[in-house]
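Q: got a predicted structure plus its sequence, pasted below:
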Amino acid sequence: MDILADFSLEVTVWIQNHYPQLEQFLKGFSATGKFEFYLLIITLVYWCLEKRLGRSLIYVLTFSYAINTVLKHFFADVRPYWSNPEIGLENEKSYGIPSGHAQGATVFYGLIAMWADRIWVWLLAIALVAIMSLSRVYLGVHDLEDVVAGIFLGVLILIGYYFWQRYLAIKFANRILGQRLLVAVLIPLSLAIIYAIVLLLLGQPDYQVPWSDRIDIAENKSYRDFATAFGLLIGLGIGFILEVSRIRFKVEGPLWKRMVRYLLGLGVTILLWMGLGSFIPDEPLILSVPLNILISIVGGLWVSFYAPWLFVRLQLADSRPEPEVSLTV
């Protein structure tokens with residue numbers, strides 16, 4: 001691993017020295033790999049363009065986010081610039097491997113490519129993932145193995161999604177409401193149990209490292225990030241199931257209605273995400289983690305269920321008179 005880390009460091013130093021003009025571009029592109037940026041696009045897709053695609057994008061991306069957080073904490077890997085501050089062009093609080101940006105880009109653009117089913121979309125998706133990965137290495141926040149691991153995990157999640165859609169999705173949709181809601185809760189609970197086991201296995205972090213001053217920050221970031229993903233998975237899972245059963249809104253409609261839908265929905269989302277979220281203290285964790293979970297559940301329910309409900313009530317969207325699926329026991 002030291003050989004790979006040294007080689008990756010050489011790559012970072014080389015491209016920073018030879019292509020300093022790329023810094024601003026890659027910083028900007030790297031910013032598009034944040035979950036908040038994806039949320040801006042996904043809510044537009046779900047509320048206004050392609051409902052099924054939007055559902056898949058936000059739920060699978062959140063699931064990927066949760067897996068990434070668990071693995072980051074498990075490996076507790078140093079970021080390159082923690083050991084070599086001179087190469088750090090950005091600041092990150094969480095641990096290194098796997099790269100969340102590379103993993104998220106793989107899942108996000110990969111899902112769109114699967115939905116579009118066009119060669120040129122696949123090629124574009126691969127190019128965007130490659131640029132995202134390059135940006136993280138260039139900025140000194142990830143080693144090469146970090147981004148490779150992120151891409152690999154993203155591909156595994158896409159494969160899992162493919163088999164879910166092909167073999168299980170229809171069967172799941174035809175289950176009674178209570179059974180579907182139970183699964184929506186069991187998925188994040190299972191991840192939480194896995195995370196708890198990981199924490200028990202890890203024990204206390206090793207503070208006998210040169211970058212020990214970053215450990216507490218990284219540990220707390222992991223707890224809060226998982227709490228956010230856990231709450232979102234619960235809120236989104238329950239909300240999507242209830243929306244299909246109770247609301248069944250349609251994304252079709254005049255352009256002005258779609259625009260009002262998006263702006264209204266996004267305004268409340270920002271209020272929940274950044275407004276209320278800004279009042280959550282980083283410490284103590286006994287207060288921070290439950291509040292993160294609570295606000296994330298509310299945010300997930302808003303995006304998936306209450307926003308569509310409000311759109312229909314305000315006549316900004318129509319609804320289907322019949323359920324989208326036929327239920328069987």
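A: Yep, that arrived.

Q: pull the residues that contact the helix or strand bottoming out on mean pLDDT in the chain.
A: Ranked by mean pLDDT, DSSP states H and E, the helix or strand of the chain with the weakest confidence is helix 2-18, at a mean of 81. Here helix 2-18 makes contact (CB atoms under 8 Å, 6 or more residues apart in numbering) with 22-23, 80, 84, 87, 89, 137-138, 140, 143-145. To be clear about C-beta, it is placed using only N, CA and C from the backbone, and glycine gets the same treatment.

Q: what subset of the residues you listed is buried?
A: When these are checked for burial by 16 or more other CB atoms under 10 Å, the buried set is 22, 80, 87, 89, 137-138, 140, 143-145.

Q: after the least confident helix or strand of the chain comes which helix or strand?
A: Counting by DSSP states H and E, the next helix or strand C-terminal to helix 2-18 is helix 23-31.

Q: and that next one, what does it pack against?
A: In terms of contacts (3 or more CB pairs under 8 Å, 6 or more residues apart in numbering; DSSP states H and E), helix 23-31 is packed against helix 119-138.

Q: how does it look with 10 Å?
A: With contacts defined as 3 or more CB pairs under 10 Å, 6 or more residues apart in numbering; DSSP states H and E, the packing partners of helix 23-31 are helix 100-116, helix 119-138.

Q: mind listing what's buried along that helix?
A: Buried-residue list, helix 23-31, by 16+ other CB under 10 Å: 26, 29-30.

Q: next: stretch 293-300.
A: Under 16+ other CB under 10 Å, the buried positions of stretch 293-300 are 293, 295-300.

Q: now swap in stretch 108-124 and tell me
A: 108-114, 122.

Q: tell me the one of the contacts of helix 2-18 nearest Phe74?
A: Using CB to CB, Glu145 comes nearest to Phe74 of the contacts of helix 2-18, at 15.0 Å.

Q: Val268 contacts Val303, correct?
A: Yes: contact criterion CB atoms under 10 Å: Val268 and Val303 qualify, at 9.1 Å.

Q: looking only at neighbour counts, state which of these two leads.
A: Val303 (28 against 16; other CB atoms under 10 Å).

Q: part of a helix, is that one?
A: Yes: using DSSP: H, G, I helix; E, B strand; the rest coil, the secondary structure at Val303 is a helix.

Q: count the neighbours of Ile159 for me.
A: As a measure of burial, Ile159 has 11 neighbours, counting by other CB under 10 Å.

Q: what residues are up against it?
A: Applying CB atoms under 10 Å, 6 or more residues apart in numbering, we find Ile159 in contact with Gly110.

Q: which stretch of helix or strand covers it?
A: helix 144-163.

Q: next, the angle helix 119-138 makes with that helix.
A: 150 degrees (axes from the mean of the first three to the mean of the last three CA atoms, to 10 degrees).

Q: next, the angle from helix 144-163 to helix 2-18.
A: Orientation of helix 144-163 against helix 2-18 (the same axes, to 10 degrees) gives an angle of 100 degrees.

Q: pull out the buried residues from helix 144-163.
A: Neighbour-count burial for helix 144-163, counted by 16+ other CB under 10 Å, picks out 144-151, 153-154, 157-158, 161.

Q: try stretch 161-174
A: For stretch 161-174, by 16+ other CB under 10 Å, it's 161, 173.

Q: then stretch 48-68?
A: So for stretch 48-68, counting by 16+ other CB under 10 Å, buried means 48, 51, 53-68.

Q: so which of those residues are in helices?
A: Secondary structure from DSSP state H places 51, 53-68 of those in helices.
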